[in-house]
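J.: Sequence below, structure please.
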Amino acid sequence: MEYTIRPLTAQDEPILWEMLYQALQTAEIQPPPSREIVREPEYARYVEGWGRAGDAGFVVHDAEKHELLGAVWFRPPASDAKPELAFAVKPGYRKHGIGAALLTQWVKANPEQS
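T.: Below you'll find the predicted structure:
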């Protein structure tokens, strides 16, 4: 499968809401959770107000259809909290190396945080 990876921008917040929801899609959770779950504070903090200073990441799309496949993103921690890196790949595209490609892209772009 051919895909393209590009940096996230402040305008990509809607993509991250979708990817956050996709990250919650697992075989163990049936039926799938309501889409409103991402608005719960423990999840929303990963996306809400995307584009703040230090927010960075990458998104991957299918090269042919331009379909959203996955994303990796980072937000600087508030105060003394530990930094967290989030990433997700849509369920139908997992186990095809897309997540590894996203993480590799992140490490190459941010070696000081690897």
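J.: what comes into contact with stretch 5-23?
T.: Stretch 5-23 is contacted from outside by 35, 37-38, 43, 46-47, 49-51, 55-61, 68, 70-71, 73, 86-91, 101-102, 105, 109, using Cβ atoms under 8 Å, 6 or more residues apart in numbering. Where C-beta positions appear, they are placed from N, C-alpha and C, glycine not excepted.
J.: Show the end-to-end separation of that stretch, please.
T.: 18 Å (Cα to Cα, to the nearest Å).
J.: Buried residues, that stretch. List them.
T.: The neighbour-count check on stretch 5-23 (16 or more other Cβ atoms under 10 Å) flags 5, 8, 12-13, 15-23 as buried.
J.: Most widely separated two among those residues?
T.: Using Cβ to Cβ, the buried residues of stretch 5-23 span at most 20.4 Å, a distance reached by Ile5 and Tyr21.
J.: Give the PyMOL command for selecting the buried subset of the contacts of stretch 5-23.
T.: This is the PyMOL syntax for the buried subset of the contacts of stretch 5-23, where burial follows 16+ other Cβ under 10 Å:
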select buried, resi 38+43+46+47+50+55+57+58+59+60+61+68+70+71+73+86+87+88+89+90+101+102+105
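J.: Please flag which of the contacts of stretch 5-23 sit within helices.
T.: Residues of these located in helices (DSSP state H): 43, 101-102, 105, 109.
J.: that older thread, quick one: the buried residues of stretch 5-23 as CSV, columns for pLDDT and secondary structure too.
T.: Converted to CSV, the buried residues of stretch 5-23 look like this (pLDDT from 0 to 100; DSSP: H, G, I helix; E, B strand; the rest coil):
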residue, pLDDT, secondary structure
Ile5, 97, strand
Leu8, 97, coil
Asp12, 96, helix
Glu13, 96, helix
Ile15, 96, helix
Leu16, 96, helix
Trp17, 96, helix
Glu18, 95, helix
Met19, 95, helix
Leu20, 95, helix
Tyr21, 94, helix
Gln22, 91, helix
Ala23, 89, helix
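J.: Nothing else from me, thank you.
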